[in-house]
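A.B. asks: let me see the structure of the following:
(4 chains)
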2 protein chains.
Amino acid sequence: MNEVLYLSIVKKIKENILKGHYKPGDMLDSESALMKEFQASRMTIRKSLSLLSNEGYVYSVPGKGNFVCTPETDLFQFRFNKYDDLLVPIDEVKLLFVKVKEASAQLADKFSLTTSDKIIEVSRLLSSAGEPVALEFIYFKYIPNQPVVEDRLKFANHLERLERSLAFAIQKTLEVRALKADQSVSRRLGCPEGDVVFCLEEMVVNSESDSVISYTLFYVQPKNIEMRATTPKEENNAKRIF
Amino acid sequence: MNEVLYLSIVKKIKENILKGHYKPGDMLDSESALMKEFQASRMTIRKSLSLLSNEGYVYSVPGKGNFVCTPETDLFQFRFNKYDDLLVPIDEVKLLFVKVKEASAQLADKFSLTTSDKIIEVSRLLSSAGEPVALEFIYFKYIPNQPVVEDRLKFANHLERLERSLAFAIQKTLEVRALKADQSVSRRLGCPEGDVVFCLEEMVVNSESDSVISYTLFYVQPKNIEMRATTPKEENNAKRIF
DNA sequence: AAGTGGTCTAGACCACTCC
DNA sequence: GAGTGGTCTAGACCACTTC
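C.D. replies: The predicted structure follows:
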């Protein structure tokens, strides 16, 4: 079969599950039984079970045995970056305004601030080949020694740099809304008032400190974005098993 | 620290990455160096690296070493089942019609059929407490010996049973569209014509045979659904590491 | 040739479950 | 007490990269 023993064991057990020889909840043979069955050492058997576990096929219960999982078919995933994953390439980002204002009740709540604290609001228009594609409003905490307001050139990548530096501690939430463009949005996007637009609400959180880094409202016409998600294929989940 | 050696090693290496001692692309100490550093056997070190790899922190290159990953911050995931994950509980599913018709060019293409092949179209209205919530159109291949059309009671769960039996071989794709309700949709959903509605297009595929099992159009008012996705937290990804 | 990670073995001791 | 999975060790041989 396979050159690598533990992969061939994975293959055989997976086939048994796919063919229905084992059903969700069924107990697999014990590890010592599998050792005899596949003429392999315990660690090799466990490596195979580890892979199957990572791919969502089996789980183990200490003292009892290894069991077949109930398959997860409702978990979707998609990749999205509001600057790279639109249907047209963004070649211009125009700064509309930068404001420092006191947090509204809604924003104060999101950022865990009081309404007297200051929030920076940045509005930008993203275009492609001269055509407006998306309108965004970014909100983040006012940080005294960071001259993002005074220096308009610096602010643009401020958040991106911040995200990069936090790297593994970043967690994002995205909510997709659909609404009719009001006058202010339709004028910027160059579409008739009342047209349907997506409004993406993105929240970026520092998962170490649980503090909100930024809150963004992103308006984009449906023709410029595709919201497609898929349940992951097993192969893509396999990372590294020792 | 931790009772379990390999977890305490994971913790320390993760801290080093989070604190920025290691940056994306940097090479970690070799496994033999880590053995000395943590007073552990090679397999234990490798178990730790395996966990870090599964959580997206490191990757390995045979013959070279282990390296810090570039963090993935654009991969979102969400759970969605059109019958369970709406904002109101569905307590009534009303069958509007079942038709057997020849596949349109569009459907024939999706199902890899010719336009003379037959497709079953099922339309249903989902309600909660007497209020219409969603309108769906399900399309699937006509299978001769499966009396789904003749027996209206049986068809309802036909696809669900089919999905359950295929279990691990199911793969789904979901596309989110936003549009204005036309007369036929607005009348069923009880909203004004021209109101914004989500249209979810779901495709269910047998990933073993790559054949399309069903294609569904699902219309729902924004007030009845929340489309929220998040980048996964590491902890949730940790499954089983031997 | 030396160093790296990849695979595999044959043990050991532990905590847990079941009877 | 017998069986189960969870952790850990100290080796071995391999393919690969680097010099």
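A.B. asks: is residue A:134 bridged to anything, and to what?
C.D. replies: Judged by DSSP bridges, the bridge partners of residue A:134 are residue A:126, residue A:220.
A.B. asks: contacts only, for it.
C.D. replies: By Cβ atoms under 8 Å, 6 or more residues apart in numbering or on different chains, residue A:134 lies in contact with A:82, A:86, A:90, A:125, A:126, A:189, A:218, A:219, A:220, A:224. To be clear about C-beta, it is placed using only N, CA and C from the backbone, and glycine gets the same treatment.
A.B. asks: most neighbours of all these, which one?
C.D. replies: Neighbours here mean other Cβ atoms under 10 Å in any protein chain shown. Within the contacts of residue A:134, the largest count is held by residue A:219, at 23 neighbours.
A.B. asks: hang on, isn't that residue packed against residue A:181?
C.D. replies: Yes - using Cβ atoms under 8 Å, residue A:219 is in contact with residue A:181, at 7.4 Å.
A.B. asks: quick check: neighbours shared by these two?
C.D. replies: With Cβ under 8 Å, 6+ apart, residue A:219 and residue A:181 have common neighbours A:189, A:197.
A.B. asks: follow-up on the earlier one: as JSON lines, the contacts of residue A:134 with pLDDT would be great.
C.D. replies: Shown next, in JSON lines, are the contacts of residue A:134 (pLDDT from 0 to 100):
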{"residue": "A:82", "pLDDT": "86"}
{"residue": "A:86", "pLDDT": "94"}
{"residue": "A:90", "pLDDT": "92"}
{"residue": "A:125", "pLDDT": "95"}
{"residue": "A:126", "pLDDT": "95"}
{"residue": "A:189", "pLDDT": "96"}
{"residue": "A:218", "pLDDT": "97"}
{"residue": "A:219", "pLDDT": "97"}
{"residue": "A:220", "pLDDT": "97"}
{"residue": "A:224", "pLDDT": "97"}
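A.B. asks: turn the residues you listed into CSV, including distance to residue B:95.
C.D. replies: As requested, the contacts of residue A:134 are arranged in CSV below (distance: Cβ to Cβ, whole Å):
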residue, distance to residue B:95
A:82, 41
A:86, 39
A:90, 46
A:125, 48
A:126, 45
A:189, 41
A:218, 39
A:219, 38
A:220, 37
A:224, 37
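A.B. asks: show me which of these neighbour DNA strand D.
C.D. replies: The subset of the contacts of residue A:134 lying close to DNA strand D, counting by Cβ under 7 Å from any atom of the strand, is empty.
A.B. asks: the domain parsing of chain A - what is it?
C.D. replies: Domain ranges of chain A: A:5-72, A:92-224, per automatic domain parsing.
A.B. asks: tell me what residue A:201 is bridged to.
C.D. replies: On the basis of DSSP bridges, residue A:201 is bridged to residue A:175, residue A:217.
A.B. asks: so residue A:69 sits against residue A:55, correct?
C.D. replies: No - using Cβ under 8 Å, residue A:69 is not in contact with residue A:55; the gap is 9.4 Å.
A.B. asks: which one's more surrounded, these two?
C.D. replies: Between residue A:69 and residue A:55, residue A:55 has the larger neighbour count (other Cβ under 10 Å), namely 21 against 18.
A.B. asks: name the element the residue lying farthest from the centre of chain A belongs to?
C.D. replies: Within chain A, the residue lying farthest from the chain centre (Cα atoms, centre = their mean) is residue A:36, at 42.7 Å. Following DSSP states H and E, one finds residue A:36 within helix A:31-38.
A.B. asks: what about the strands in chain A?
C.D. replies: Ranges of strands within chain A are A:58-61, A:65-68, A:75-79, A:92-102, A:118-128, A:131-141, A:170-180, A:196-206, A:211-220, A:227-230, based on DSSP state E.
A.B. asks: adjacent strands (with direction) for the fourth one?
C.D. replies: Taking DSSP bridges as the criterion, strand A:92-102 pairs within the sheet with strand A:118-128 (antiparallel).
A.B. asks: for the strand it pairs with, which residues meet the burial criterion?
C.D. replies: A:119, A:120, A:121, A:122, A:123, A:124, A:125, A:126, A:127, A:128 (16 or more other Cβ atoms under 10 Å in any protein chain shown).
A.B. asks: kindly report the same for stretch A:90-110.
C.D. replies: Buried residues in stretch A:90-110, counted by 16+ other Cβ under 10 Å: A:98, A:103, A:107, A:108.
A.B. asks: turn the residues you listed into CSV, including distance to residue A:204.
C.D. replies: Shown next, in CSV, are these (distance: Cβ to Cβ, whole Å):
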residue, distance to residue A:204
A:98, 18
A:103, 17
A:107, 14
A:108, 17
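A.B. asks: now, those that are in helices?
C.D. replies: Those of these mapping onto helices are A:107, A:108, per DSSP state H.
A.B. asks: of the buried residues of stretch A:90-110, closest to chain B?
C.D. replies: When the buried residues of stretch A:90-110 are compared for distance to chain B (Cβ to the nearest Cβ), residue A:107 wins out at 18.7 Å.
A.B. asks: look up the residues forming beta bridges with the residue nearest to that closest one when sequence neighbours are not counted.
C.D. replies: With Cβ to Cβ, 6 or more residues apart in numbering or on different chains as the criterion, residue A:107 has its nearest non-adjacent residue at 5.5 Å, and that residue is residue A:119. Using DSSP bridges, the beta-bridge partners of residue A:119 come out as residue A:101, residue A:141.
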